[in-house]
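Enquirer: Generate a structure from the sequence data that follows.
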Amino acid sequence: MTPAAQNLSRALLPETPSNGRVYNFSAGPAVMPESVLEQLREELLDCRRGGIGLLELSHRGALYEALNNEAEAACRKAAGVGSDYAVFFMPGGATVQFGLLPLNFLGENDTAAYIDTSIWSYKAYTEALRCRPVTVAFDGRALKYARVPKKGEFTEPAGAKYLLYCQNNTVEGTTFWAPPETGLPLIGDATSDIFSRPWDFSKHAMVLAAGQKNLGASGASLVIARKDFIESATPRLPQILRFADHAAAGSRLNTPPTFAVRVIGLMAEWTLSVGGPAAIAQNNAYKAGLIWDAVDNSGGFYSWPAEKWCRSHLNICFRTPKPELDAKFVAEAETHGMFGLLGHREAGGMRASIYNAFPTNGCRILADFMGEFAKKNG
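Expert: Coordinates of the predicted model:
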């Protein structure tokens, strides 16, 4: 580990959670910085000494307007986008946005393309297919989701209105290391990797990211979109369903999920305070390396089908030779203060989700535990 990474890990997080808290490997809602949690605790009773708690603030009042604007500014700075991009917040998680995309941008005879690399990108595709004739540009299911496509390894239907992909695949443990090269308007689902690494937002027409992982609380989504793209949406929708109307209203078209938006803002500010996506990426790589090395050095006791070149740094998935050993692993890990390691119900095995705020020492403890468990049960 480089001196810079060592310094970062100390500034980023405590080596261990505070007394009474455990290592939370949950895929989401996921671990948050304790400094953010402490600030929220104070604001819940009295936000900025205004005599009103955060959950009680009027969304039309001056104080909440300031919090909303600060959240937008912090997210804009973390993304590094200019005035040609709108930065705003939408009610609901990524699945809501999956449904709104075809309604906004596809007429009855239009199509869009989906790069299918995960159960979540497939979810986005099937939600769109309910109302429009969309297509699969890359069929990851045929590869059992073991990897993402290589350069140019997907189709681009002529006239497609957009191409959607999931940047980091939480269930499968894979990731894109760069946005796909395409001539179509590109939409990235960044729910699990937003601000975890430098990312070229300028290659995208839109990036959406639900809360509950690197953005804190569930209930809202961050949308970063080229203004001309969202303004091209059909006007034949109720305002509440149009991205452009939410952007034009400054994320307050109606009563927004005020608490979730405040949390997103604090998470973005924390991201910037510890060095931004570039610094966080270095720490995430180190944390992930500890656990992936434990998988690779286990003599085959631990395995996972994801190809090494596209392994995720945020969701490290693995399994033992037997499902009953997986269950034993999860149960014993909890006795050592490690929770949330059970794999997704459709994938099985174990999953260590180590998002931006996850403590480095938790990865060391898990890697050591994996080694001891393999010795005892191999």
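
Enquirer: where exactly do the strands run in the stretch 201-350 of the chain?
Expert: 206-210, 220-226, 315-318, 338-339, 350-353 (DSSP state E, counting those that start in this stretch).

Enquirer: Format these as JSON lines; extra columns: distance to residue 58.
Expert: C-betas here are computed from N, CA, C, even on glycine. Converted to JSON lines, the strands of the stretch 201-350 of the chain look like this (distance: least, CB to CB, whole Å):
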{"stretch": "strand 206-210", "distance to residue 58": "25"}
{"stretch": "strand 220-226", "distance to residue 58": "17"}
{"stretch": "strand 315-318", "distance to residue 58": "38"}
{"stretch": "strand 338-339", "distance to residue 58": "37"}
{"stretch": "strand 350-353", "distance to residue 58": "35"}
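
Enquirer: domain assignment for the chain?
Expert: 39-273, 276-377 (automatic domain parsing).

Enquirer: could the strands of the stretch 201-350 of the chain go into CSV alongside distance to residue 233, mean neighbour count and mean pLDDT?
Expert: Converted to CSV, the strands of the stretch 201-350 of the chain look like this (distance: least, CB to CB, whole Å; neighbours: other CB atoms under 10 Å; pLDDT from 0 to 100):
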stretch, distance to residue 233, mean neighbour count, mean pLDDT
strand 206-210, 11, 26, 98
strand 220-226, 10, 25, 98
strand 315-318, 32, 27, 98
strand 338-339, 42, 16, 97
strand 350-353, 33, 26, 98
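
Enquirer: Residue 22: which of the ones you listed is closest?
Expert: strand 338-339 (5.2 Å; CB to CB).

Enquirer: Figure out how far the closest one is from the centre of its chain.
Expert: Computed by CA atoms, centre = their mean, to the nearest Å, the chain-centroid distance of strand 338-339 equals 20 Å.

Enquirer: Same question for stretch 294-304.
Expert: With CA atoms, centre = their mean, you get 26 Å for stretch 294-304.

Enquirer: Same question for stretch 309-329.
Expert: 20 Å.

Enquirer: Nearest to the spatial middle of this structure, which residue is it?
Expert: residue 192 (1.5 Å; CA atoms, centre = their mean).

Enquirer: And the longest helix belonging to the chain, what's buried?
Expert: Ranked by residue count, the top helix of the chain under DSSP state H comes out as helix 276-296. Across helix 276-296, burial judged by 16 or more other CB atoms under 10 Å covers 276-277, 279-284, 286-292, 294-295.

Enquirer: which helices and strands does that helix pack with?
Expert: On a contact count with 3 or more CB pairs under 8 Å, 6 or more residues apart in numbering; DSSP states H and E, helix 276-296 meets helix 3-12, strand 315-318, helix 360-377.

Enquirer: Mind listing residues that contact it?
Expert: With contacts defined as CB atoms under 8 Å, 6 or more residues apart in numbering, helix 276-296 is touched by 1-2, 4-5, 8-9, 12, 78, 195-199, 271, 274, 302-304, 311-314, 316, 318, 352, 354, 356, 358, 360, 363-364, 366-367, 370-371.

Enquirer: For it, the averaged confidence score.
Expert: On average, the pLDDT along helix 276-296 is 96.

Enquirer: how far is it from where the chain is centred?
Expert: 16 Å.

Enquirer: quick one, that helix and helix 360-377 angle?
Expert: Inter-element angle recorded for helix 276-296 and helix 360-377: 10 degrees (by axes from the mean of the first three to the mean of the last three CA atoms, to 10 degrees).

Enquirer: May I have helix 276-296 as CSV, with CA atoms only?
Expert: Written as CSV, here are the backbone C-alpha positions of helix 276-296 (Å, rounded to 0.1, in the frame of the first residue of the first chain):
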residue,chain,number,x,y,z
GLY,A,276,-13.0,13.1,-4.4
PRO,A,277,-13.5,10.1,-6.8
ALA,A,278,-9.8,9.8,-7.7
ALA,A,279,-8.7,9.4,-4.1
ILE,A,280,-11.6,7.1,-3.2
ALA,A,281,-10.8,4.9,-6.2
GLN,A,282,-7.3,4.3,-4.9
ASN,A,283,-8.6,3.2,-1.5
ASN,A,284,-11.4,1.1,-3.1
ALA,A,285,-8.8,-0.7,-5.2
TYR,A,286,-6.7,-1.5,-2.1
LYS,A,287,-9.7,-2.8,-0.2
ALA,A,288,-11.0,-5.0,-3.0
GLY,A,289,-7.5,-6.4,-3.6
LEU,A,290,-7.4,-7.7,0.0
ILE,A,291,-10.5,-9.8,-0.6
TRP,A,292,-10.0,-10.8,-4.2
ASP,A,293,-6.5,-12.0,-3.2
ALA,A,294,-8.1,-14.2,-0.5
VAL,A,295,-10.3,-15.7,-3.1
ASP,A,296,-7.4,-16.3,-5.6
